[in-house]
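*Asks:* got a sequence here, can you model it:
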Amino acid sequence: MRRVLLALGLTFALTTTAFATTGSNQEPSYRMVEPAVQTSTETIDVLNFFAYTCGHCQRLAPFFDDWAKKTPKDVTVHNVPVAWDASTAFLSRIYYTFEALGRLEDLHPQFWQDLLDGKITAESDLDAWLKAQGVDRKTWDNAYRSFSVSLRVQQASELWQAYKLDATPYIGVAGKYLTAPHMAGSYQKTLTVLNELIDLERKNRAKR
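*Replies:* Next up, the predicted model:
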């Protein structure tokens, strides 16, 4: 997988890859994170790293979201927006603003689709888009500029850099493992590998 540039008024970072229809016996289905990233010891953290400019991330999302609804109590799931540089940092801020307003369920998928369709090409396009979605601009601005949202954006940036990502989508497990569709062979098989990694981490913790 590699970064390529997507011109949408401003320059977005878009990640692409050629996916195999089946897994390859010669390619590992996951890789270790070295050094490991400090993470929760009480639950097994699963991090879904995505970028709004990544079409593959969007196609993985429904598979991952369905999987996330069935996670056991010892697993904690987080979506982590990735912004590769200052020009796309506002996209991560938008995600966490949706979260702060309790509007992830409806605004997040619509924004994602509209951005990929080219209806949103810059931060300045938000005015018309928010109005169309019936979002009060003052309420939006207060959340968008809040300390809590700024902190979440900073933490997300630190996370994807700690995992040494150079593309999306990737799914991190317990600060130790990374898997992705191009490694597992398909979107669905990514979740099979994810379950295996969670089981592996669960067994390793039981030995301590």
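
*Asks:* in the chain, which helix has the most residues?
*Replies:* Ranked by residue count, the top helix of the chain under DSSP state H comes out as helix 187-206.

*Asks:* since we're on the residue nearest to residue 169 when sequence neighbours are not counted, how many residues are nearby?
*Replies:* Nearest non-adjacent residue to residue 169, counting by Cβ to Cβ, 6 or more residues apart in numbering: residue 57, 4.3 Å away. C-beta here means a position set from N, CA and C on the backbone, and glycine is covered the same way. Close neighbours of residue 57, defined as other Cβ atoms under 10 Å, add up to 26.

*Asks:* where along this structure do the strands fall?
*Replies:* Remark: strands assigned in the chain by DSSP state E are 2-8, 10-16, 31-32, 44-50, 75-81, 170-173, 177-179.

*Asks:* state the distance from residue 117 to residue 47.
*Replies:* 27 Å (Cβ to Cβ, to the nearest Å).

*Asks:* quick one: which of these two has more around it?
*Replies:* Neighbours per residue, other Cβ under 10 Å: of residue 117 and residue 47, the larger number sits with residue 47, 23 against 8.

*Asks:* which residues does that one bridge with?
*Replies:* In this structure, residue 47 bridges to residue 78, residue 172 when assessed by DSSP bridges.

*Asks:* surely residue 125 meets residue 115?
*Replies:* No - the pair residue 125 / residue 115 is not scored as a contact, 9.0 Å apart, by Cβ atoms under 8 Å.

*Asks:* who has more neighbours out of the two?
*Replies:* Between residue 125 and residue 115, counting by other Cβ under 10 Å, residue 115 is the more crowded of the two (21 against 15).

*Asks:* can you map out the helices along the protein?
*Replies:* 55-68, 89-100, 104-116, 126-132, 137-144, 147-162, 181-184, 187-206.

*Asks:* using PDB, list the CA coordinates for the longest one.
*Replies:* Taking C-alpha atoms only, helix 187-206 is exported to PDB below (Å, rounded to 0.1, in the frame of the first residue of the first chain):
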ATOM      1  CA  TYR A 187     -11.900  -7.200   3.900                       C
ATOM      2  CA  GLN A 188     -13.700 -10.100   5.500                       C
ATOM      3  CA  LYS A 189     -10.500 -12.100   6.100                       C
ATOM      4  CA  THR A 190      -9.100  -9.100   7.900                       C
ATOM      5  CA  LEU A 191     -11.600  -9.700  10.600                       C
ATOM      6  CA  THR A 192     -10.700 -13.300  10.800                       C
ATOM      7  CA  VAL A 193      -7.100 -12.400  11.400                       C
ATOM      8  CA  LEU A 194      -8.200  -9.700  13.900                       C
ATOM      9  CA  ASN A 195     -10.000 -12.400  15.900                       C
ATOM     10  CA  GLU A 196      -6.900 -14.600  15.800                       C
ATOM     11  CA  LEU A 197      -4.800 -11.700  17.100                       C
ATOM     12  CA  ILE A 198      -7.200 -11.000  19.900                       C
ATOM     13  CA  ASP A 199      -7.200 -14.600  20.900                       C
ATOM     14  CA  LEU A 200      -3.400 -14.600  20.800                       C
ATOM     15  CA  GLU A 201      -3.200 -11.600  23.000                       C
ATOM     16  CA  ARG A 202      -5.700 -13.100  25.400                       C
ATOM     17  CA  LYS A 203      -3.700 -16.300  25.800                       C
ATOM     18  CA  ASN A 204      -0.500 -14.300  26.300                       C
ATOM     19  CA  ARG A 205      -2.000 -12.300  29.000                       C
ATOM     20  CA  ALA A 206      -3.400 -15.400  30.700                       C
END
